[in-house]
Structures are given as structure tokens and as C-alpha cells.
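**Student:** Build me a structure from this.
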Amino acid sequence: MLNYECPPLGGGAGRISYNIAYNISLKNNEVVFLTTWFKNLREIEIVNNNFKIIRLKSQRKHLYKSNAFEMLCWIIKCFDFILKNKSLIKTFDYCLANFAIPGGIIAYYLKKKYKIPFSVISHGHDIPWYYKKQMFFYHLLLYWIIKLICLRCDKLFVQSQYMYKNAVNFLGQKNSIKIKIIYNGVSYPINFNYEHRKTQPFTILFVGRLVKQKRPDVFINALVVLRYMQIQYHAYIIGDGPLCKKLRKMLTKYNLNHIKMVGWISNSEIWKYYERAHVLVLPSESEGMSIAVLEAKVAGLYIITTNVSGNLEILNEYKFSSIINELSYKKIADELQAYYFNYYLKKLFPDENYCKTQSEKFLWGPITEKYLNEIMI
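**Tutor:** Take a look at the predicted model:
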């Protein structure tokens, strides 16, 4: 497994690749996860008898984000590791690379040098021309390298119909046979209390990186409108990113003392917020398949989100949700108001059985089986 991010580093992609690797190891397969080291983390971590994480000491300043230079450093460190550990490399039967770049570059080299077959797990933005607004120049610069990697891989895994269509447009219809849709997964929380939110004040969450793509500014503006509707609430912004200072200024400007910026916390801590919250708002401009939306569904939150990749698949039969087609803070405020009167005041919350039934096809066990069925050689 190749990914420059592995928990606690990064966001959803790191957790996705970790869970795939971990569950593959539970099927009596030996897995090595090659990733990036960070302070206070072990360079070599033995997760179980079949699962080892190797963290390479490359440049990395932040837990929650990485830049192009840091990814390049990780690629160089991976090549150095490969040259020094040829005997280990020769024992590998298969390689799963996360992102066409940087993971795909290493995997392609392993195929050329050691004839190790590989697949790429895309997380959306690595494939042209996904989210042009942010990624256009990156895709333009690396277009032919990305295309070469995707054409040479055995399978290109994507997580939604939207990602599939984009990948087909990129690689051409004749290569569509190698593009496979496998949803992201989620795990049931341990000792999660579905009854706890019944006694809590109206609580709203935003969970994700504080970047323009996620539109946390729209979330805050919606809560400003909600306050003018004279609805009392508590809100938490969970995550970190380059927009952090801007968001703090917005909170000060509008005197929103009841909105707390929590920062970057572990996944286990996030579940504590899910337990006592009622609504997740995720006004993203682009997603692959949102882990936050998947977790909120398992946790039984009402979900207000945009019609971006993956959300229709996740929320197709989940009645405690609202997908808005227009990214409008006023529309989000209206949805929050409707939820408050139609669900919160009446204490109409989904119970544990409903949430588990709704989430069965998104559990990591069955998801991992689908990967194994595709890559077994």
C-alpha cells in the first residue's frame, strides 16, 4: 500500500487506504504500508502479525495537509527505500497506489523494474479534469504522466458514478473496462450512544479540512442567517487548514461566540461530537466520496450537503438528509430551520437499527472483499 498520508496524517484518503490495508491483512495477507513519518510517530509500526507500517522521514510540516514539494520529497525517499530494500520489494505480489501522483509513480516503477502488478486508488482530484477550479494547472502540467500511469495500471478504482464518468472521459471508452467503482467504507463506532443527543441542545457540525473546496465560509454564513431566525443552537467546526484565520475573523465580525473552532482532532474524538450532535452540514464544491458524510450517516445525524460526487450514492435511501443543488447559505439556513421544527423539537432521530441497516453496504469488510476480488492474482 502506497500513500504519502496514513492516520493520523491527512484526511479521508489516508483513513481509506489504512482501512483497506488493515482489512486485507485480516484475510491472512501480508501488507506493508509505505507512508510518511511525522513527529511522535514510530518509523516502523507493527499493527498485527500481517500488517506493518513503514514511515519514511521526508519533509512534512503539518498533520492535516501536504504540498507538492513534500510529495516530491516522499517520492524520492520511496525510491531510496526501494534501492536499499530490494530483497523485501521482491517478495511483493501486488501494489495498491493511492493517487495517480504521487503513489502511482512509485507503483509504475515497481512494475517496470520488478514486474509487480499495480492498481491506482483515485480519490477524485488526482484525475484530470476533476475540480478544474483548483486543479487545472496541476493537471495541465502532469497530464501525460498521469495518463501513462493510469493506462499502465491493472485497475483504476474510483468511488462514485461521477468519478467513473470523469475517468472514462480521461482514458477513453476503450479503457473503461479497467475502471472499477468501489465505495468508500466506514466502521461502526464502539460504545456509541444513539440516545445521547435526545438530551442535548440543538447542535450543528462542520467536519473537514478548512479549504475553499469544503466552503466552511458558507457554513458560517448560514449560521448567521439561522441566528436571525431566532433559533438557538451550538455549532462546532472540526478541522484545520489555510482558511482558519479567515474563519476566526468571520466569527469575531458576526459575534458568533456560540460557534467553536475545535481544530484537528483524532477520529475517535470526532465520534464524541457525532454522539451529541444533530446535524452535519457539508457545503462542498467537490468530493470523491465524503468520509464525513458516511460517518454522520452511521451516527444518525441529519445531513445537509451539496449534490457532489458520492453524496447521492451515500444518501440514496437515507431519509434524514437533504441534498441541495445550489450552493447557497440561505438555502442551508432554510434547511436547518426546517430540521429544527420538523425533527429536533419533535425528537425524531434515527435509532441504532435504522442506521446500521442503512450502512451495511458501506462497511469496510465487504468493501475490502471487493478490492481483493479485483486484485487477486
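**Student:** which residues does Val158 bridge with?
**Tutor:** On the basis of DSSP bridges, Val158 is bridged to Ile181.
**Student:** looking at it, it is touching Tyr183, isn't it?
**Tutor:** No. With contact defined as CB atoms under 8 Å, Val158 does not reach Tyr183; the gap is 9.9 Å. (Glycine included, C-beta is placed from N, CA and C.)
**Student:** What is the longest helix along the chain packed up against?
**Tutor:** In the chain, with assignment by DSSP state H, the single longest helix is helix 132-152. Counting contacts by 3 or more CB pairs under 8 Å, 6 or more residues apart in numbering; DSSP states H and E, helix 132-152 packs against helix 104-114, helix 161-171.
**Student:** again, only this time at 6 Å
**Tutor:** On a contact count with 3 or more CB pairs under 6 Å, 6 or more residues apart in numbering; DSSP states H and E, helix 132-152 meets helix 104-114.
**Student:** Keeping just the C-alphas, turn the helix it packs on into CSV.
**Tutor:** The C-alpha trace of helix 104-114 is given here as CSV (Å, rounded to 0.1, in the frame of the first residue of the first chain):
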residue,chain,number,x,y,z
GLY,A,104,1.3,5.9,-8.9
ILE,A,105,4.8,7.0,-9.8
ILE,A,106,6.3,4.6,-7.3
ALA,A,107,4.0,1.8,-8.3
TYR,A,108,4.7,2.2,-12.0
TYR,A,109,8.5,2.0,-11.3
LEU,A,110,7.9,-1.2,-9.3
LYS,A,111,6.1,-2.7,-12.3
LYS,A,112,8.8,-1.7,-14.7
LYS,A,113,11.7,-2.8,-12.5
TYR,A,114,10.3,-5.8,-10.6
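**Student:** contacting residues around it?
**Tutor:** Leu2, Ile75, Cys78, Ile89, Cys95, Ala97, Ile116, Phe118, Val120, Ile149, Arg152 (CB atoms under 6 Å, 6 or more residues apart in numbering).
**Student:** do the same with stretch 252-269
**Tutor:** Leu63, Tyr64, Val224, His234, Ala235, Tyr236, Ile237, Ile238, Asp240, Leu251.
**Student:** Could you pull out the buried residues of that stretch?
**Tutor:** Ile259, Met261, Val262, Trp264 (16 or more other CB atoms under 10 Å).
**Student:** Also stretch 102-113?
**Tutor:** Buried residues in stretch 102-113 (16+ other CB under 10 Å): Pro102, Gly103, Gly104, Ile105, Ile106, Ala107, Tyr108, Tyr109, Leu110, Lys111.
**Student:** What's the separation between the residue lying farthest from the centre of the chain and Tyr340?
**Tutor:** Computed with CA atoms, centre = their mean, the residue of the chain farthest from its C-alpha average is Gln230, at 34.2 Å. From Gln230 across to Tyr340, the span is 11 Å (CB to CB, to the nearest Å).
**Student:** Ser321 too?
**Tutor:** 15 Å.
**Student:** Could you verify my assumption that Gly124 touches Gly288?
**Tutor:** Yes. The pair Gly124 / Gly288 is scored as a contact, 3.4 Å apart, by CB atoms under 6 Å.
**Student:** Residues contacting stretch 29-38, please?
**Tutor:** Counting by CB under 6 Å, 6+ apart, 1-4, 6, 9, 21, 24-25, 43, 50-58, 60, 74 sit against stretch 29-38.
**Student:** Now the terminal residues of it, how far apart.
**Tutor:** 27 Å (CA to CA, to the nearest Å).
**Student:** Enumerate the positions of that stretch that are buried.
**Tutor:** For stretch 29-38, by 16+ other CB under 10 Å, it's Val31, Val32, Phe33, Leu34, Thr35, Thr36, Trp37, Phe38.
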